[in-house]
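Peer 1: Kindly generate the corresponding structure for this input.
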Amino acid sequence: MLLSESDQKSITQAIMEAERMTSGEIKVHIEKECPGNNPMARAREIFEFLSLHKTALRNGVLFYLAYDDHKFAVLGDKGINDKVGQDFWDSTSKLLAFHFKNGEFVEGFSNGIYEAGLQLKKYFPYQSGDVNELSDEISFG
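Peer 2: A predicted model of the protein is given here:
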C-alpha cells in the first residue's frame, strides 16, 4: 500500500479543510496501475464513476494517481473549468509532479488540494447550509 493509515487521514483532513472554504467538491482516487495507460482518460472514467459530474454547481475536482505506473491527472468539472484557465491545472500538475517524483505523496496531494480549494473558494465560496455532496475519503481502485 502506498499510503499508511496516518497518511490517508492527513489527505482526508486536507480535503475537509479545503472544502470548508468552498461549495466545491474534491476527491482523491489512487490505484496501482492505469488501465489503458492514459491517466487523463482514466481520470475521466473515475470522475464519472464517483459521480463528481453530478455536483449541483459542476464544481468537482479529482486528483488521480496510478502509483506503479508513475502517472497522475487532475481533472475539474465544467463549472470550475469555465472559471480557471489551463494555467491553473498546469501549475497544479507541476506541483504534484515535484512532490510525487520525490515520493512525497501526502505533501503533493495536500498542497494540490489546498491550491484547488483556493480556486474553488474564489469562484464557489462556502454557502451557509452547504451540503457535502461526496465523501472526503480517498477512493482506491
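Peer 1: can you tell me which helix in the chain is longest?
Peer 2: Longest helix of the chain, by residue count under DSSP state H: helix 105-123.
Peer 1: if you average pLDDT over that one, what comes out?
Peer 2: Helix 105-123 carries an average pLDDT of 94.
Peer 1: could you say what helices and strands whatever helix or strand comes next after it packs with?
Peer 2: Downstream of helix 105-123, the first helix or strand assigned by DSSP states H and E is strand 139-140. Strand 139-140 sits against strand 25-31, with contacts defined as 3 or more CB pairs under 8 Å, 6 or more residues apart in numbering; DSSP states H and E. Just so you know, the C-beta spots here come from the backbone N, C-alpha and C atoms, and that holds for glycine as well.
Peer 1: thought residue 67 was touching residue 39?
Peer 2: No. Counting by CB atoms under 8 Å, residue 67 does not reach residue 39; the two are 11.4 Å apart.
Peer 1: For residue 14, list the residues it contacts.
Peer 2: Residue 14 makes contact with 109-110, 113-114, according to CB atoms under 8 Å, 6 or more residues apart in numbering.
Peer 1: Buried only: go through these for me.
Peer 2: 109-110, 113-114 (16 or more other CB atoms under 10 Å).
Peer 1: Any chance of JSON lines for those, columns distance to residue 26?
Peer 2: Output for the buried ones among the contacts of residue 14, formatted as JSON lines (distance: CB to CB, whole Å):
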{"residue": "109", "distance to residue 26": "10"}
{"residue": "110", "distance to residue 26": "11"}
{"residue": "113", "distance to residue 26": "6"}
{"residue": "114", "distance to residue 26": "10"}
